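Q: missing the sequence, but the structure's below:
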């Protein structure tokens, strides 16, 4: 079986998870890792037995990888996606794909023009409890849905926001950065939203992006999901992420929780 040759761009917090999984996939071979911090790239290459290391993403194409995995900060996703798309390399890009819709539209258009595959990682769609919840809703086993609530809270410190994450231009708030995967669970279960409304707040003076958000997402069949997300939460377990999706119907209740 011929292996797909992959290049990984970005050696930050999430890259070890990707490299761990890819290194154990018999159909994949990571041929290079790249990071502007060369020390990080060298360290992760050694840990996962990757032969080549680069400091500039432009150098990756010399190995002719079949696909590129982009794990860099949000603000770099558009330019790097377009760069590799024009090299006609398939792409998997970490969320969020972009921080504004205009950049995202351009990314999609270029990928379509070049005829390459372009996707992001929405792994909660593969969770057994998410799949089961979707099947229950599709089969109407829960009866008439009367309430859908998504609650999320955690604490992201000033140190967490000390770099690029704190600014509107380069970062992303509690909805885009921390809650996105759980909101995608709702979309996977109920389908594409018909409308949304909400309010975001900035509760700390060193932030330009939201750390508190409330809202409603309207789906077909008069289903409304209420959202309450907060990453300034200071509780007894302030380093822990608490996340639940509760779906109540006339015949029963579904609770999706990270603790279950």
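A: Yep, that arrived. Since the model is a prediction, treat every value here as computed from it, not as a measurement. Numbers count the residues shown, from 1 in each chain.
Q: And the strands in the stretch 51-200 of the chain, which stretches?
A: Ranges of strands in the stretch 51-200 of the chain, per DSSP state E, counting those that start in this stretch, are 52-54, 67-70, 90-93, 118-120, 145-153, 195-201.
Q: deepest of those, which one?
A: Ranked by average neighbour count under the criterion mean count of other C-beta atoms under 10 Å, the strands of the stretch 51-200 of the chain are headed by strand 67-70 at a mean of 22. Just so you know, the C-beta spots here come from the backbone N, C-alpha and C atoms, and that holds for glycine as well.
Q: For it, the averaged confidence score.
A: Strand 67-70 shows a mean pLDDT of 98.
Q: how about residue 232, what does it touch?
A: Neighbouring residues of residue 232 by C-beta atoms under 8 Å, 6 or more residues apart in numbering: 155-156, 203-204, 211-212.
Q: go again using 10 Å as the cut-off
A: 153-157, 174, 201-204, 207, 210-212, 238 (C-beta atoms under 10 Å, 6 or more residues apart in numbering).
Q: coming back round to it: mind giving me TSV with the strands of the stretch 51-200 of the chain and columns for distance to residue 223?
A: Formatted as TSV, those follow (distance: least, C-beta to C-beta, whole Å):
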stretch	distance to residue 223
strand 52-54	47
strand 67-70	34
strand 90-93	30
strand 118-120	25
strand 145-153	5
strand 195-201	12
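Q: Among the contacts of residue 232, pick out the one closest to residue 105, please.
A: Distances from residue 105 to the contacts of residue 232, taken as C-beta to C-beta, are shortest for residue 210 (22.4 Å).
Q: hang on, that closest one packs against residue 231?
A: Yes - assessed by C-beta atoms under 10 Å, residue 210 is found in contact with residue 231 at 8.9 Å.
Q: Quick one: mean pLDDT over the helix ranked longest in the chain.
A: Under DSSP state H, the helix in the chain containing the largest number of residues is helix 101-114. Helix 101-114 shows a mean pLDDT of 97.
Q: Distance from that helix to the middle of the chain?
A: 18 Å (C-alpha atoms, centre = their mean, to the nearest Å).
Q: circling back to that earlier point, to residue 258, which of the strands of the stretch 51-200 of the chain lies closest?
A: Closest among those, using C-beta to C-beta: strand 145-153, at 9.6 Å.
Q: Describe which strands that closest one pairs with in its sheet and in which direction.
A: strand 223-230 (parallel), strand 242-249 (antiparallel) (DSSP bridges).
Q: Quick check: next helix or strand after the last one?
A: Towards the C-terminus, the helix or strand next in line after strand 242-249, according to DSSP states H and E, is strand 252-257.
Q: Show me which residues of that following strand are buried.
A: If you call a residue buried by 16 or more other C-beta atoms under 10 Å, then strand 252-257 has these buried ones: 254, 256.
Q: Kind regards, and thank you for your time.
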